[in-house]
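Chemist: The following block contains a protein sequence and its predicted model.
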Amino acid sequence: MKVPLYVDLDSTLIYPLGQDGNLVYMETRPDTEWFFQHLHSVGPIYILTHGVREHASRALPLIPGKQYVSGIIAREDMKPVSDAMEQGRTPVPVAKPGPIFDDYGWGSWLADLKSAAIGVRDKKLWIQVERFDCDAPDRGGLKKAYGELVRRFG
């Protein structure tokens, strides 16, 4: 059985440089296509971003390996979850649980939101990826993250 996989967008896959109308300026992280190819053998890949859908929809076509992405879960999709959390209610997940790759650490407010949005309660399913910044050399962050997935789940 294939399990869904969720990958953050900003500072995990891309470094956003700005936008001018419909034109998106960004730097894509090295090894993105390799990462997607390998994840695709595990299960369907979804972008899980706190960014708005419009931003993700504009960025996705520019990302190598985009053909492996099955969908986008954006800020708007997580709104009912964040509303429930703010009101002290138990949130209803908007997607099936699966491993999450994100530059934020487990226990951060964003990890709390995203993990609640897909019903993840186990820290083992959160894989922190080294933050991507186009002004600093990438140290194989996506390959390390994939290696961590393999280490945890075989």
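Modeler: Now that the structure is in, tell me what you want to look at. Because the structure is predicted, anything quoted here is derived from the model rather than measured.

Chemist: Show me the helices in the chain, by range?
Modeler: In the chain, the helices defined using DSSP state H lie at 32-40, 53-59, 75-86, 109-117, 141-153.

Chemist: Among those, which comes closest to residue 5?
Modeler: helix 32-40 (5.2 Å; Cβ to Cβ). Where you see a C-beta, it was placed from the backbone N, CA and C, and this is true even at glycine.

Chemist: Direction-wise, compare the closest one with helix 141-153 and give the angle.
Modeler: Per axes from the mean of the first three to the mean of the last three Cα atoms, to 10 degrees, the angle that helix 32-40 makes with helix 141-153 is 20 degrees.

Chemist: name the helices or strands packed onto helix 32-40?
Modeler: Counting contacts by 3 or more Cβ pairs under 8 Å, 6 or more residues apart in numbering; DSSP states H and E, helix 32-40 packs against strand 5-7, helix 141-153.

Chemist: For burial, what's the neighbour tally of the closest residue to residue 14 other than its chain neighbours?
Modeler: Of all residues not flanking residue 14 in the chain, residue 26 sits nearest, at 4.5 Å (Cβ to Cβ, 6 or more residues apart in numbering). When neighbours are defined as other Cβ atoms under 10 Å, residue 26 has 20 of them.

Chemist: now swap in the one 10 residues further on and tell me
Modeler: With neighbours defined by other Cβ under 10 Å, the count for residue 36 comes to 22.

Chemist: Residue 121 - nearest residue in space that isn't next to it in sequence?
Modeler: In space, residue 121 is closest to residue 115, 7.1 Å off (Cβ to Cβ, 6+ apart).

Chemist: Hmm, residue 144 is touching residue 132, no?
Modeler: No. Using Cβ atoms under 8 Å, residue 144 and residue 132 do not qualify as a contacting pair, with a distance of 12.0 Å.
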